[in-house]
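Q: Could you look at this predicted model? Sequence included:
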Amino acid sequence: MPEENQALSPGLRMPEQVATRLERLILDGVFRPGQLLPSERRLCDRLGVSRASLREGLRILRSKGIIDTRQGHGSTVATLLPVGNQSPLMHLFKDHPRTLFDLLEVRALLEGESARLAASRGTSADRVLITRRYREMADYAESAESIDVERLARLDHAFHLAVSQASHNPVLVHTLQSLTDLLLSSVFASVKHLYHLPAPRTMINQQHAQLHEAVVNGEAEQAEQVALEHLSSISQLLRDLEEEHERLERSSMRLEEWQ
């Protein structure tokens, strides 16, 4: 049996320390909702605790609803947020497109800060993942003969999510994850309405490249500025398209005969 680690906090029993450490790993995104936890043997080795303490720690997490355990299948991280953002408020947001611009403002507030933190706090492993997600997105955008809007939107979102995870701020990361469906809708809108236009497509690609470069090079202020400019320019372009559509609609109505 491995020698158990020193207490993390005075007064905490070893099983409580195990639960606390696993909670921190979940908060930090090491273990994600739906992910199967490593085997008991692996967890005992990595945490330096006995199997008895580990099992009691897992029981504490189950009692909090943080993990689910099935006999013979191990333990998985529970779904920590409402599935699919199906609250009445989320339905209202998704059913009224005008909230798109409000959402872009919120994205600017959260993603600008997450880019700054990612550039200053990101580890070498974070930079590897950010680069991987960036290359997946950029390679698809460059090589695909016909762009699948939904696929590109998901690759775009995965890149921005990797940046936010490198902020090492669990509250910020989980706040963004709680808005996944809404965030995807804003990315989808920008890809659908802008990416087929040469100038906006070039702008978006360049901004993504600049954001990637600033974050992996540790340029915090530059990363924040690029993230803010990226979302601000997308918002302005979408507003311009909406205004143009409204002008065309008014002109068309004037041509019709109203009897």
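A: That came through fine.
Q: I figured residue 168 hits residue 119, correct?
A: No. Contact criterion Cβ atoms under 8 Å: residue 168 and residue 119 do not qualify, at 11.7 Å. For the C-beta atoms, the positions are set from N, CA and C on the backbone; glycine is no exception.
Q: Strands of this structure, start to end?
A: Secondary structure of the chain (DSSP state E): strands at 67-70, 74-77.
Q: Nearest residue to residue 123 in space, please, no chain neighbours.
A: residue 166 (7.5 Å; Cβ to Cβ, 6 or more residues apart in numbering).
Q: returning to what we had before: ok, residue 168 and residue 119, which is more surrounded?
A: Between residue 168 and residue 119, counted using other Cβ atoms under 10 Å, the more crowded position is residue 119 (26 against 17).
Q: if I pick that one, what's in contact with it?
A: 214-215, 217-220, 222-224 (Cβ atoms under 8 Å, 6 or more residues apart in numbering).
Q: repeat that for 7 Å
A: Contacts for residue 119 (Cβ atoms under 7 Å, 6 or more residues apart in numbering) come out as 214-215, 218-220, 223.
Q: What of residue 54?
A: 18, 40, 43-44, 47.
Q: Would you convert the strands of the chain into CSV that also reports mean neighbour count?
A: As requested, the strands of the chain are exported to CSV (neighbours: other Cβ atoms under 10 Å):
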stretch, mean neighbour count
strand 67-70, 15
strand 74-77, 18
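Q: want to try CSV for these, with mean pLDDT as columns?
A: Below are the strands of the chain laid out as CSV (pLDDT from 0 to 100):
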stretch, mean pLDDT
strand 67-70, 88
strand 74-77, 90
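Q: export these to JSON lines and tack on distance to residue 113?
A: Formatted as JSON lines, the strands of the chain follow (distance: least, Cβ to Cβ, whole Å):
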{"stretch": "strand 67-70", "distance to residue 113": "30"}
{"stretch": "strand 74-77", "distance to residue 113": "26"}
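Q: hang on, the earlier thing: what's the farthest-apart pair in the contacts of residue 54?
A: Greatest spacing in those, by Cβ to Cβ: 18 and 40 (11.3 Å).
Q: Which of the helices and strands in the protein ranks last by mean pLDDT?
A: Least confident helix or strand of the chain, by mean pLDDT, DSSP states H and E, is helix 88-95 with a mean of 51.
Q: Identify whichever of the strands of the chain lies nearest to residue 251.
A: Of all those, strand 74-77 comes closest under Cβ to Cβ, at 54.5 Å.
Q: Helices of the chain, start to end?
A: Here the chain has its helices, by DSSP state H, at 14-27, 40-47, 51-63, 88-95, 99-121, 124-143, 149-165, 170-178, 180-194, 198-216, 220-255.
Q: tell me, what residue is most central in this protein?
A: residue 161 (3.1 Å; Cα atoms, centre = their mean).
Q: Against residue 58, how distant is the closest residue to that one other than its chain neighbours?
A: Excluding its sequence neighbours, the residue lying closest to residue 161 (Cβ to Cβ, 6+ apart) is residue 176, at 6.9 Å. Remark: distance between residue 176 and residue 58 (Cβ to Cβ, to the nearest Å) = 28 Å.
Q: circling back to that earlier point, got the contact list for the residue nearest to residue 123?
A: 118, 121-122, 126, 130.
Q: repeat for residue 215
A: 115, 118-119, 122, 130, 163, 223.
Q: how about 6 Å then?
A: For residue 215, the contact set (Cβ atoms under 6 Å, 6 or more residues apart in numbering) comprises 118-119, 130, 163, 223.
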